[in-house]
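Asks: just a sequence and a predicted model for now, questions to come.
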Protein chains: 4
Amino acid sequence: MNQENYKLCEKLISSTYVQQGSQAKRMHENKVRQLLEQRKWPEQGWDDQTIEILLSDLAAMDSNNFIDNCGVGEREARLASQLVARRHYRLAHGIGRSGDIAAIQPKAAGSSLMMKLTNSMVLDVIRQSGKSEGGCRYLFAFSISVHSAQAAFVVPMATGMALTLTLLAFRQKRPQAKYVLWPRIDQKSCFKAMQTAGFISVVIENKLEGDELRTDLAATEQKIDELGADNIVCIYTTTSCFAPRVPDRLEEVAKICATHNIPHLVNNAYGVQSTKCMHLIEQAARVGRLDIFVQSTDKNFLVPIGGAVIAGFEGKLLEEISKSYPGRASAAPTMDMFITLLSLGSSGYLKLCRERKELYSYLKAEMVKCASHHGQRVLETPHNPISIAMTLDGLDRDEATQLGSMLFTRFVSGTRVIAKGVIQTVNNHEFTGFGSHCDHYPHTYLTAAAAVGLRKEEVDQFIQRLDKVLAKCLKRASSHSGAASNGKMD
Amino acid sequence: MNQENYKLCEKLISSTYVQQGSQAKRMHENKVRQLLEQRKWPEQGWDDQTIEILLSDLAAMDSNNFIDNCGVGEREARLASQLVARRHYRLAHGIGRSGDIAAIQPKAAGSSLMMKLTNSMVLDVIRQSGKSEGGCRYLFAFSISVHSAQAAFVVPMATGMALTLTLLAFRQKRPQAKYVLWPRIDQKSCFKAMQTAGFISVVIENKLEGDELRTDLAATEQKIDELGADNIVCIYTTTSCFAPRVPDRLEEVAKICATHNIPHLVNNAYGVQSTKCMHLIEQAARVGRLDIFVQSTDKNFLVPIGGAVIAGFEGKLLEEISKSYPGRASAAPTMDMFITLLSLGSSGYLKLCRERKELYSYLKAEMVKCASHHGQRVLETPHNPISIAMTLDGLDRDEATQLGSMLFTRFVSGTRVIAKGVIQTVNNHEFTGFGSHCDHYPHTYLTAAAAVGLRKEEVDQFIQRLDKVLAKCLKRASSHSGAASNGKMD
Amino acid sequence: MNQENYKLCEKLISSTYVQQGSQAKRMHENKVRQLLEQRKWPEQGWDDQTIEILLSDLAAMDSNNFIDNCGVGEREARLASQLVARRHYRLAHGIGRSGDIAAIQPKAAGSSLMMKLTNSMVLDVIRQSGKSEGGCRYLFAFSISVHSAQAAFVVPMATGMALTLTLLAFRQKRPQAKYVLWPRIDQKSCFKAMQTAGFISVVIENKLEGDELRTDLAATEQKIDELGADNIVCIYTTTSCFAPRVPDRLEEVAKICATHNIPHLVNNAYGVQSTKCMHLIEQAARVGRLDIFVQSTDKNFLVPIGGAVIAGFEGKLLEEISKSYPGRASAAPTMDMFITLLSLGSSGYLKLCRERKELYSYLKAEMVKCASHHGQRVLETPHNPISIAMTLDGLDRDEATQLGSMLFTRFVSGTRVIAKGVIQTVNNHEFTGFGSHCDHYPHTYLTAAAAVGLRKEEVDQFIQRLDKVLAKCLKRASSHSGAASNGKMD
Amino acid sequence: MNQENYKLCEKLISSTYVQQGSQAKRMHENKVRQLLEQRKWPEQGWDDQTIEILLSDLAAMDSNNFIDNCGVGEREARLASQLVARRHYRLAHGIGRSGDIAAIQPKAAGSSLMMKLTNSMVLDVIRQSGKSEGGCRYLFAFSISVHSAQAAFVVPMATGMALTLTLLAFRQKRPQAKYVLWPRIDQKSCFKAMQTAGFISVVIENKLEGDELRTDLAATEQKIDELGADNIVCIYTTTSCFAPRVPDRLEEVAKICATHNIPHLVNNAYGVQSTKCMHLIEQAARVGRLDIFVQSTDKNFLVPIGGAVIAGFEGKLLEEISKSYPGRASAAPTMDMFITLLSLGSSGYLKLCRERKELYSYLKAEMVKCASHHGQRVLETPHNPISIAMTLDGLDRDEATQLGSMLFTRFVSGTRVIAKGVIQTVNNHEFTGFGSHCDHYPHTYLTAAAAVGLRKEEVDQFIQRLDKVLAKCLKRASSHSGAASNGKMD
């Protein structure tokens, strides 16, 4: 209500009550004011009521909701179903303008504001610079910051597709380049991101150091020499990944990129939740070259699947990427981020990150116990801050697959069982040992992970179920192999 | 409730009432059964209650909603905000699997079913084959069918980006080809679709025939000869467009494509709502070559902006496109389509299309009256079934722009005013006469359109407001030009 | 957003767009302003968006939603479940203050405003005086007005309980009186209303005039003489009722009440939808005495069951009734009315009433046809504007009951089958011929009704199903009675 | 989905996934099964998803939602507004049948089930008998049980109106009785409950014992002798109340009632949250006579205002009360309880009660500190487990009122300031010292309370604000009184 209407209320009920009510409304508006003024991630999360007041106000600014709108010529943002209208808070205009996904849409002031504010907050999430009060202590310990980031925006695309979009934007700048250098990581979408962009993928095999699989820097340099720096679109590294692979040696790669003047693109899919991953990016950008890092919204911020944050250190490059999206895009992932960032507040999110870190240690400790109980061990991968792998020695490929299925039907989701020697062809490229990030990893193993949002009960249930399933599978395996040896004796 | 629970209810209330209630529930389930069995667009729209029952059942099948789920390793589909959970009906897993946007996701049976059913219905929308009862009469008159279409799927992308994705998939099949032949249409995203895909755009200027701008077939053939058919990625035509441009000569282009064995891609952005556009596609595919046609979900189906339907005549090609999306994608546009298609039913949608067609005639008649009243005329563009243009002769560029602004501030959205001689650079390409689809269109003009969802009141309001604004602008212009001529006399 | 916040938005997006957006918001606020200024039922219904904006603003004024509220001592209006909070739009304080259901609650300015505005609109519904523009024609033909009504308010109670509350308030004014004179109407809750209030019910049997059952005025006068006017709490009449009973002779009763100085209470349960019922009340109040008339919210306004409107011609009396409710009451029925009245607008409601009237004629005509087809007839009850009765001659009690059940299991709800000679005891009072409003009605019959909200398809389905069921039952009955007669011959 | 539909899903996606999904749905159904089987308050709270699945299933059983329903004659449960339909989960039929608020409604199997289940759970809440696992420890310490209660049901009425309804039911059994004996408690609705029922209130003044105001048993006995036991409707006592009044001596009153064969009605408004109050009731019923005890839903269960639970020790009496409600009633308070009880589970509620008890001690300790700092003291009222009073000696009536207002405008709601000597007339009865439960309480004071749902931050904020306001008011008061004394000196 505006002041005029509050005044009219005083004819119906006592002015004291009206004034108190209008003052209370003002408190909601003050939160909005702070957001508009500072365009930072609020430290304290907002209640749902304030969030919905703001969304309702934004919706009222979009032309599809104008009471007297006359959309002759309008081909979009009319909604047939009230269920659909409600679930989008009546914001139907998407984000961006035909030429630019980060541009303001004249017909949709509200949607445009939501997009701008979300992208501002997202940049703040990435940078998380100098909060003064209250949060200090946490920030020290669990800082998720890449302070020097210059711009960031949400795109309604999978991380892989956002990487493709970035690669396509690179092409405009290096039209002659054809090769992408890529330290191997065995996830299809990572590989497809290059293929879809139409580039030739140059796979750099990882080096086994102890149990860990790490970037082979020498091989990288050698490939540059071989192909010629100018023919290389970029080096495309990865932070967050399944153990026993660990985050790439970002600093060293960044130095190589600087030396050879090659762009450097980082797949930081679920790295925002980890200070280690963010620190790697910050450091790499400081000591060498790192152009763009891309992260998933769902894997880091507990929103539905389907969005990514493209971030970088140079505003102009980011602008070129945003301008390469042909058309207006779905606002759904942006709205999910908008609501969730406001709802959590930075303190809420840092709390989740802290809990994640603690659960990582807890999960590891429990897996160590469980493994030793079954004559297995947890692989030593200290550089991987999220994923943990445990050997399944003694299981053959079928038995390992079986173990995976048994976990799945027991409602354990998200673990992966990696058997030795799997060969898989992705877009005509044949990968040996697919899943293990290298041709011949010495163990069959399973991975689990402590991702943001994990709860302690889940860990406990997992260990229980794993323990049972392991016992069953290993027993069966040993009896088989016993039978097999017997057979061999003949 | 399952039968066991209904049985238990009989201990609380009379079994007669329970049985009637369970029978009533069955009616909802029967609708679901029909959908699952036939996987067609229901003729009669569903009520919101049935839609929400189905969405709730689907949500219960996704692992993020399993009561005892233990997602150790799960990095996605956990939701922090209840507002977000509710607005997505708790379906958080997106669509597709890392390697394929149309693949089933093991952790999300419900989301996968929603995706499969939506794509099935969308194909049915496109094909609209042989409804037996009731709808016959409408289908005859307002058939929106491309009977021979083989596959279709929703992607959570703008039409332009969906065109880019298709072009990228073409690259895999014709790796050496660099050129896209494109009969000019002045919308940025159409042009950017090629640029982002990394191809060289070969602009085919339109021919002026009467007031209409039509495909220059000779120029097209000439370009093919010049560049070599093998070097051409595809010919990329357009159906729905702003008058005085009209849909491209699809049949003739299709024949050329067949002759030269060149792929043919059609931008059918808002063409589903028009039998003419759909008929053009059907015919072109029959007489020549037409590979893929892409349409916007929001421009045709009254859903929020952000989705497109990629459709075609060869299942394998469609599969290749779906497999080129690297990652899992947002399910939001799919869900919006799912809800809206069920809610409207085919009869509801055909009713909307019929009303649109009638309003097109009405809008045209009213514009003819209004134009003649101000000494202007409606351009003769009989081949354009949606958009209408009216001359603004006598207004210079500033005056025309001014008129546009005046309409905008009077809550008229969606009209476009095209002044002569605008030069605009898009991705380094300079377009003369930008907005008018040719270098030198003989008139300044404005366009309006009768798109699906338009209401008669809007047309009436538009004509009223236009009439006033025109009077004001033309008066001012004539006094200016009078002043100007006076000046010239000196 | 307040002006300050809109101003801040201009730093994010163009001020033109912000201003247009803020102007658009103002249109919503203007509707609210008009409501607050005039406190009348808007002629044009509001869209859901405006309704929800207002509800959200009201919620923000209630202390349970104050951001910094410190409710030490507060024992109420805290909500444990977000589902519950949402469904009440966070308005949790109910209506009224401990001593008065229509009083303003200091802790709940928003709820209080909603209550005041609802009651204002409800009074306007009842009075519907002199709308100037647009609605005139309808109002002439379908006026639902009791122009001289002075006050009205919604109570969260069944009509029967609202009648009890009114009777209890009467007691305070006539402490010695014990008897309520009540022209018989066979609905339990009507009778219980008196019993629960602790009064002695004096049943006035109806007179059969043609097929109609009408008020026996002579018997009424005689009872007054017998018991003494001062010992009579009130005469308690009924308008809306099942045929063949018709509305009581309100004018004549009102004159009797005036002569003897006896209060007159009218049960107008579903009479608001009928101009006849409303006219009866208006006339009765003009020519005689009529104190209070009570109507159901659900039966007249298409809201969930559970509210009533108590209306009358003297503000002070209404105030006494509202002050007799001990405690604060549920706001749910008030909110349902608030939303529904705003959503329909008076023109929407009058349209529904007009349709109802037309469907009444249609239903009657169809029943006449169906009856004559089966050798039955529709009873002549021209004074009953809503309910219609049709004979079931030839069916015995069991057969009639069976017919009722058959309709019920065929999803026909709301019809009543009345067999002859049913005896029922309600609160120790034995009613002969219960259901038929008199001891010995000459026919077995069934009733149907054209209530507001009925749709033509329902009538058609009803006639179809009735036709089949009648055929079956009458055939069975005639074969039985044949068998019986045969038996008797022996 | 039923099994047939799950089977059909297997044609769309892998049967393994379908089976897992259907198994997951089964887990929700198992919760429902347990509820239907045991009809007890679940120990573990349900998630919102399961609650909404059940509500949706119930809605599908109500005739207003039957897909092919033909409600000819139906005058209710049609809904005009979708906002209203949604907020009631489409359950529109209210609860009860015309003659009985606890009866099953044939047209609304779903609503009837919800009502039955809610009342079952509510009885379980009251009784909370022998949970075996897990909850034991809590139950021991924080048992809220009245084990011997026989029946309970929710009515959509304020506590006061529920007391009136109960009194009206008593009248049917003791038609000659006129007097209600009532140990004074100064809340309007408590007094009005008797007045509205039409009885003569006999006020028993409280006895001051230390700081506490307690039941005067001798005066009670004397009144019985004076008026004659048969002329007394009931003795009407109170448990939860504002300090310095404490719960009535229920055991002793119950013995008196037993001796004289007088019904005993207890106003247990917000007593469910306190083991002391519940224990008093249990004991009173064991050693003497206690017929009915009434409690507020909102004050105990964190639901919106407007419902009460009527409970007692004799099923037949409860049935008579439920049968005295004339009409069908709003289901809103029942639904709020249904959702909230399921959402909290007994363990969630017991946790809230435990926290409340701890906060009571904390609040008291803080008030003691604050009081002593200002030369005041907390009154010694050990028998009151919820409310705490603190002296405001030295403030005159205006100053005390002023202090109350200052707290209110500082967003402190729920405290009450009681000045000496206030005279108030309620329904013609003049109360001296109104607010303090006796004619001349020796102190001016304020009360605060630790009600269920209170948070520690609120206590801290309260103490801060109180401290400031007290300082200001006492300073002003002392300067005034100084001025006054000075004045007197002259």
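Replies: The structure has been received and is ready for your questions.
Asks: residue of the stretch 201-350 of chain A closest to chain C, please.
Replies: The stretch 201-350 of chain A approaches chain C most closely through A:S343 (12.3 Å), counting by C-beta to the nearest C-beta. Just so you know, the C-beta spots here come from the backbone N, C-alpha and C atoms, and that holds for glycine as well.
Asks: thought that residue was touching B:S81?
Replies: Yes - applying C-beta atoms under 8 Å, one finds A:S343 in contact with B:S81, separated by 4.4 Å.
Asks: common neighbours of those two, please.
Replies: A:D48 (C-beta atoms under 8 Å, 6 or more residues apart in numbering or on different chains).
Asks: helices along the stretch 1-150 of chain A, start to end?
Replies: For the stretch 1-150 of chain A, the helices defined by DSSP state H, counting those that start in this stretch occupy A:3-9, A:15-38, A:48-60, A:82-87, A:109-127, A:136-142.
Asks: which residues sit against the first one?
Replies: Helix A:3-9 is contacted by residues A:1, A:18-19, A:21-22, C:29, C:32-33, C:36-37, C:109, C:113 when judged by C-beta under 8 Å, 6+ apart.
Asks: with only the CA atoms kept, save that helix in PDB.
Replies: The C-alpha trace of helix A:3-9 is given here as PDB (Å, rounded to 0.1, in the frame of the first residue of the first chain):
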ATOM      1  CA  GLN A   3       0.900   6.300   1.800                       C
ATOM      2  CA  GLU A   4      -2.400   7.500   0.400                       C
ATOM      3  CA  ASN A   5      -4.000   4.100   1.000                       C
ATOM      4  CA  TYR A   6      -2.600   3.800   4.500                       C
ATOM      5  CA  LYS A   7      -4.200   7.200   5.100                       C
ATOM      6  CA  LEU A   8      -7.500   5.900   3.900                       C
ATOM      7  CA  CYS A   9      -7.200   2.900   6.300                       C
END
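Asks: and the stretch 351-490 of chain A, which residues reach chain D?
Replies: Proximity of the stretch 351-490 of chain A to chain D, by C-beta under 8 Å from any C-beta of the partner chain, involves residues A:408-409, A:411.
Asks: and with 10 Å instead?
Replies: With the criterion set to C-beta under 10 Å from any C-beta of the partner chain, the stretch 351-490 of chain A comes near chain D through A:405, A:408-409, A:411, A:413.
Asks: if we can go back for a sec, redo the helices of the stretch 1-150 of chain A as CSV? Include distance to C:A419, mean pLDDT and mean neighbour count.
Replies: Shown next, in CSV, are these (distance: least, C-beta to C-beta, whole Å; pLDDT from 0 to 100; neighbours: other C-beta atoms under 10 Å in any protein chain shown):
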stretch, distance to C:A419, mean pLDDT, mean neighbour count
helix A:3-9, 57, 95, 18
helix A:15-38, 57, 95, 19
helix A:48-60, 55, 97, 23
helix A:82-87, 45, 97, 20
helix A:109-127, 63, 96, 25
helix A:136-142, 77, 41, 14
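Asks: need those in JSON lines with distance to D:V155, can you?
Replies: Putting the helices of the stretch 1-150 of chain A into JSON lines (distance: least, C-beta to C-beta, whole Å) gives the following:
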{"stretch": "helix A:3-9", "distance to D:V155": "33"}
{"stretch": "helix A:15-38", "distance to D:V155": "29"}
{"stretch": "helix A:48-60", "distance to D:V155": "30"}
{"stretch": "helix A:82-87", "distance to D:V155": "33"}
{"stretch": "helix A:109-127", "distance to D:V155": "44"}
{"stretch": "helix A:136-142", "distance to D:V155": "49"}
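Asks: of all those, which one is nearest D:L181?
Replies: Evaluated over the helices of the stretch 1-150 of chain A, closeness to D:L181 peaks at helix A:15-38, with 37.8 Å, by C-beta to C-beta.
Asks: measure how buried the residue of the stretch 351-490 of chain A found nearest chain D is and give me the count.
Replies: The minimum distance from the stretch 351-490 of chain A to chain D, using C-beta to the nearest C-beta, falls at A:T409 (6.7 Å). Neighbourhood size, A:T409 [other C-beta atoms under 10 Å in any protein chain shown]: 13.
Asks: quick test: name the residue nearest the centre of chain A.
Replies: By C-alpha atoms, centre = their mean, chain A has its centre lying nearest to A:S296, at 2.3 Å.
Asks: quick check on that one: phi, psi?
Replies: phi -80, psi 140 (degrees, to the nearest 10).
Asks: okay, now A:L227: neighbour count?
Replies: Number of residues near A:L227 (other C-beta under 10 Å) recorded here: 16.
Asks: so which elements touch the helix or strand encompassing A:N300?
Replies: Per DSSP states H and E, A:N300 falls inside helix A:297-301. In terms of contacts (3 or more C-beta pairs under 10 Å, 6 or more residues apart in numbering or on different chains; DSSP states H and E), helix A:297-301 is packed against helix A:109-127, strand A:151-155, helix A:159-173, strand A:308-312, helix A:332-373.
Asks: how about those in JSON lines, adding distance to D:S63?
Replies: Output for these, formatted as JSON lines (distance: least, C-beta to C-beta, whole Å):
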{"stretch": "helix A:109-127", "distance to D:S63": "41"}
{"stretch": "strand A:151-155", "distance to D:S63": "47"}
{"stretch": "helix A:159-173", "distance to D:S63": "49"}
{"stretch": "strand A:308-312", "distance to D:S63": "49"}
{"stretch": "helix A:332-373", "distance to D:S63": "37"}
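Asks: these: which one's closest to D:A371?
Replies: When the helices and strands packed on helix A:297-301 are compared by C-beta to C-beta, helix A:332-373 sits nearest D:A371, at 34.8 Å.
Asks: report the distance from the helix or strand following that closest one to the chain centre.
Replies: Next helix or strand after helix A:332-373 toward the C-terminus (DSSP H and E): strand A:387-391. The chain centre lies 21 Å from the centre of strand A:387-391; the measure is C-alpha atoms, centre = their mean, to the nearest Å.
Asks: against which helices or strands is strand A:387-391 packed?
Replies: Applying 3+ C-beta pairs under 10 Å, 6+ apart, we find strand A:387-391 packed against helix A:332-373, strand A:416-418, strand A:445-449.
Asks: residues contacting the nearest residue to A:Q82 once chain neighbours are set aside?
Replies: Computed as C-beta to C-beta, 6 or more residues apart in numbering or on different chains, the closest residue to A:Q82 that is not its neighbour in sequence is D:Q82, at 6.2 Å. Residues counted as contacts of D:Q82 (C-beta atoms under 10 Å, 6 or more residues apart in numbering or on different chains) are A:82-83, A:86, B:48, C:48, C:339, C:343, D:90.
Asks: could you check how far the residue nearest to A:Q44 when sequence neighbours are not counted is from A:G271?
Replies: The shortest distance from A:Q44 to any non-neighbouring residue, by C-beta to C-beta, 6+ apart, is to A:G345 (4.8 Å). Distance, A:G345 to A:G271, by C-beta to C-beta, to the nearest Å: 21 Å.
Asks: next: A:A24.
Replies: Per C-beta to C-beta, A:A24 is found 41 Å from A:G271.
Asks: same check on A:K456?
Replies: For A:K456, the distance to A:G271 equals 23 Å [C-beta to C-beta].
Asks: who has more neighbours out of these two?
Replies: A:G271 (30 against 12).
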